[in-house]
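Colleague: Turn this into a model:
(4 chains)
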Protein chains: 2
Amino acid sequence: MSKRGSSELECFVLGLVWQLGPISAYDVRAHMRRSPSTQWSGSAGAIYPLMSRLHRRHWLAATRESVGRRRRTRYRITAAGRRALRAWIGPPFSPDVMTVSYDPLRSRARFLGALSPRERQRWIQGAEAALHHIEALIRTWHDEHARGSDGFRALLTIHGQLETRARRAWLRRVAEFVAS
Amino acid sequence: MSKRGSSELECFVLGLVWQLGPISAYDVRAHMRRSPSTQWSGSAGAIYPLMSRLHRRHWLAATRESVGRRRRTRYRITAAGRRALRAWIGPPFSPDVMTVSYDPLRSRARFLGALSPRERQRWIQGAEAALHHIEALIRTWHDEHARGSDGFRALLTIHGQLETRARRAWLRRVAEFVAS
DNA sequence: GGCGGCATGTAAATGGTTACATGATTAC
DNA sequence: GTAATCATGTAACCATTTACATGCCGCC
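Modeller: The predicted model follows:
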């Protein structure tokens, strides 16, 4: 266990290795880039050092293999890693889990008063289109990656659908207010 | 307009100054710390340099005043700042707006398979309690800061309520799956 | 022979964070 | 007089990001 806490990304990757391992950093990156979320870019500069860190912390075990002249490092989670993962999953939950999540549309809507009435109307339409686009992203992701996997991953799709529905309901309230 | 894009936090603060200005960096921080979101800490190390930057960019105008020996810098938004704010609000929306938002509970639920059935039950209960806690945060914030302000701020409360309701509905689905 | 995908990494910049520091003012 | 709050800032640190770099392999 390290002195300073682990980041959200570190523990998320730890979870991915638990779920998909043995897995290479390259494949973790590929997996993350397919995600409909832009929370993390899955950049090499983040993932490679991160997985080395987890390895040094003995939360991951590494096996280097070579196919021809091509090398590859595959990681598996260790017993200590599983303990760390369970601690992160909770309960108890860290303060960052106990908050409203960040919605960039909400942040922008807060300042809708800075737009003209016409621009506000256009904003509502744009936001509707954005939600439509997001739903399409979720559907695509579901069809390509969640079907046939464990039920916990199918629940990610449900989450996205319910969340988008809530944002749409909220958007209708915004539209009503703007129209009044 | 700066060469590299502005950060989400920069534009959010720009919006706050538009909404609450003339306002000091100190009061922006106070405002942010009251928020039920932990997206940003509102730390001095973030806000003071940020507002200086916006000032140098001529998106904010500053007036220094002194009450007795105590100095204070009050910022107002400029015409250029309002243009930048409107551009940020959109439409069009930047890619980061067009995504599902990040929910730490969802990320953790994804790995619920790493827990024992008993622990999963406890997780569900903990998550329910967390959502309850979040609803209380929102209610408190609403009573103290949104009542009596413009309708756009009241819509923040609605957003929080609808979002929490969606997360709770999702959590029931998780519970059903875990129980099965 | 070249292009795209596999696989691993590093370098520099960025935009935050925590912690520290200072001094004035108000409330008790 | 002392504790809390007002008000402003800096220093050190950190986890990310983008961009760059290398070399191998399979395919056409």
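Colleague: Let me see the ranges of the strands in chain A.
Modeller: For chain A, the strands defined by DSSP state E occupy A:23-24, A:60-67, A:70-77.
Colleague: Walk me through the domains of chain A.
Modeller: Split into domains by automatic domain parsing, chain A comes to A:8-97, A:104-179.
Colleague: Out of these, flag the one nearest B:Thr38.
Modeller: Ranking these by their distance to B:Thr38 (criterion: Cβ to Cβ) puts domain A:8-97 first, at 5.5 Å. Where you see a C-beta, it was placed from the backbone N, CA and C, and this is true even at glycine.
Colleague: Now look at that closest one and say if it contacts DNA strand D.
Modeller: Yes: contact of domain A:8-97 with DNA strand D (Cβ under 7 Å from any atom of the strand) involves A:8-10, A:40-46, A:49-50, A:67-70.
Colleague: Mind checking which of those residues are buried?
Modeller: Neighbour counting by 16 or more other Cβ atoms under 10 Å in any protein chain shown classes A:8-10, A:40, A:42, A:46, A:50 among the residues of domain A:8-97 next to DNA strand D as buried.
Colleague: Just give me the closest of those residues to DNA strand C.
Modeller: Distance to DNA strand C, by Cβ to the nearest atom of the strand, is smallest for A:Ala46 among these, at 8.0 Å.
Colleague: so what's the closest one up against?
Modeller: Residues in contact with A:Ala46 (Cβ atoms under 8 Å, 6 or more residues apart in numbering or on different chains) are A:9, A:40.
Colleague: quick check: longest helix of chain A.
Modeller: Counting by DSSP state H, the longest helix found in chain A is helix A:151-179.
Colleague: you'd agree A:His142 is up against A:His159?
Modeller: No: counting by Cβ atoms under 8 Å, A:His142 stays clear of A:His159, with 11.0 Å between them.
Colleague: So which of the two has more stuff around it?
Modeller: A:His159 (24 against 18; other Cβ atoms under 10 Å in any protein chain shown).
Colleague: any low-confidence regions in chain A?
Modeller: Applying pLDDT under 70 to chain A flags residues A:1-4.
Colleague: can you pull out the helices in chain A?
Modeller: In chain A, the segments counted as helices under DSSP H are A:8-20, A:25-34, A:44-56, A:79-89, A:104-109, A:117-141, A:151-179.
Colleague: Of all the ones you listed, which one is nearest B:Leu20?
Modeller: Closest among these, using Cβ to Cβ: helix A:104-109, at 14.9 Å.
Colleague: Residues contacting the closest one, please?
Modeller: In contact with helix A:104-109 (Cβ under 8 Å, 6+ apart) are residues A:123, A:127, A:130, A:167, A:170-171, A:174, B:8, B:12, B:15, B:88-90, B:96-97, B:101, B:152, B:155-156, B:159.
Colleague: Next, see if it gets close to DNA strand C.
Modeller: No: for helix A:104-109, no contact with DNA strand C is found by Cβ under 7 Å from any atom of the strand; the gap never falls below 12.2 Å.
Colleague: Can you tell me how far A:Gln39 is from chain B?
Modeller: 4 Å (Cβ to the nearest Cβ, to the nearest Å).
Colleague: tally of neighbours for the nearest residue to that residue once chain neighbours are set aside?
Modeller: Leaving aside its chain neighbours, A:Gln39 sits nearest to B:Tyr102 (4.4 Å; criterion: Cβ to Cβ, 6 or more residues apart in numbering or on different chains). B:Tyr102 is flanked by 16 other residues according to other Cβ under 10 Å.
Colleague: got the contact list for B:Tyr102?
Modeller: Neighbours of B:Tyr102 in contact, by Cβ under 8 Å, 6+ apart: A:37, A:39, A:101-102.
Colleague: In the residues you listed, which residue is surrounded by the most others?
Modeller: In terms of neighbours by other Cβ under 10 Å, the contacts of B:Tyr102 top out with A:Ser101 at 22 neighbours.
Colleague: quick one on the thing from earlier: among the buried ones among the residues of domain A:8-97 next to DNA strand D, which one lies nearest to B:Ala30?
Modeller: Distance ranking of those against B:Ala30, using Cβ to Cβ, places A:Glu8 first at 26.7 Å.
Colleague: Would you check that the closest one makes contact with A:Asp96?
Modeller: Yes: in this structure, A:Glu8 is within contact of A:Asp96 by Cβ under 8 Å, at 7.3 Å.
Colleague: Of all the residues in stretch A:85-105, which ones are buried?
Modeller: For stretch A:85-105, the neighbour count (16+ other Cβ under 10 Å) marks A:85-86, A:88-90, A:93, A:97-105 as buried.
Colleague: Which members of those residues are the farthest-apart pair?
Modeller: Spatially, the most separated pair among the buried residues of stretch A:85-105 is A:Arg86 and A:Leu105, at 33.9 Å (Cβ to Cβ).
Colleague: ok, and which of the contacts of helix A:104-109 reach DNA strand C?
Modeller: For DNA strand C, the contacts drawn from the contacts of helix A:104-109 by Cβ under 7 Å from any atom of the strand are B:Glu8.
Colleague: now check stretch A:53-63, is it near DNA strand C?
Modeller: No: using Cβ under 7 Å from any atom of the strand, we find that stretch A:53-63 stays clear of DNA strand C, coming within 8.9 Å at best.
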